[in-house]
Each structure stands twice: as C-alpha cells, then as structure tokens.
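**Student:** Next come a sequence and a model predicted from it.
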Amino acid sequence: QVQLVESGGGLVQAGGSLRLSCAASGRTFTSYAMGWFRQAPGKEREFVAAITWSGGNTNYADFVKGRFTISRDNAKNTVTLQMNSVKPEDTAVYYCAAKLSIATTFGVWGQGTQVTVSS
C-alpha cells in the first residue's frame, strides 16, 4: 500500500495560481488511480479531480473544469494539481488519495494541505 504526503498549500490571492504536489511511497504507484479531494470548514469532503494509473484519462468536478489540471509522473511517484484562476470558494484542505484499479473507492489518503484564497 502506498503512503501519501501532500505539499504546496498556502495563501494565494483570488485569480492567482497554486500548485499542489503529492508524493507517494512504495513501488506500486502505477497500480493506483490518483485523485484530489477537498474539504471546506463545515462542509463535507468533495471530489476535485482524478487521473488513471497511466495518466491517459482525467476527470474533474464541474466547479474546477478549465481552471485546475491534474497530472502524474510515474517515474517520480508524484501527482500534481495545478490550480489556476483560484477563487475564495476554493479555500479548503486538499487531500491526495489513491485507489487501486480494481477498487471502487479511494482507500488511501494523505494528511491534507491547507489552501486559502483571499479576496
């Protein structure tokens, strides 16, 4: 099973950009689809984006389409979320997650990284 560590969170002004990274330990990284989720204060955790093990397919929540891009580097065991044109409503703790290709749900989670967007 992989272990996930996120980095890159911080404070950014509305309209700016931020790049989140997730480093995965273990030698089975390509066995996992990867995703990003977020949880704002007082709200449930919600899906943001996902990418298949090969990077050939991606999926985005409607509220980030055209602004955020998920990518992965299987040689470096990393997955990245490039966040552009951020909005105050993007403020949340962002979590990296992994899902075995045969699984139906994401079962491995990182500790989260805080993203705060000021208006």
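**Tutor:** Here it is on my side, so go on. Numbering: from 1, shown residues only.
**Student:** any low-confidence regions in the chain?
**Tutor:** Counting by pLDDT under 70, the chain contains no low-confidence segment.
**Student:** Find the centremost residue of it, please.
**Tutor:** W36 (2.6 Å; CA atoms, centre = their mean).
**Student:** residues touching that residue, list them.
**Tutor:** W36 sits next to L20, C22, V48, A49, A50, I70, V79, L81, Y94, Y95, C96, A97 when contact means CB atoms under 8 Å, 6 or more residues apart in numbering. For the C-beta atoms, the positions are set from N, CA and C on the backbone; glycine is no exception.
**Student:** In CSV: those residues, plus secondary structure.
**Tutor:** Listed next are the contacts of W36 as CSV, based on DSSP: H, G, I helix; E, B strand; the rest coil:
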residue, secondary structure
L20, strand
C22, strand
V48, strand
A49, strand
A50, strand
I70, strand
V79, strand
L81, strand
Y94, strand
Y95, strand
C96, strand
A97, strand
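**Student:** rewinding a little: what pairs with the residue nearest to the centre of the chain across the strands?
**Tutor:** Counting by DSSP bridges, W36 is bridged to A49, C96.
**Student:** Please look at E6 and Q111 and confirm they touch.
**Tutor:** Yes: between E6 and Q111 there is a contact at 6.8 Å, judged by CB atoms under 8 Å.
**Student:** Look at the two and report which has more neighbours.
**Tutor:** E6 (22 against 11; other CB atoms under 10 Å).
**Student:** which stretches of the protein form strands?
**Tutor:** 3-7, 10-13, 18-25, 32-39, 46-51, 58-60, 68-73, 78-83, 92-100, 108-109, 113-118 (DSSP state E).
**Student:** Understood, closing this out.
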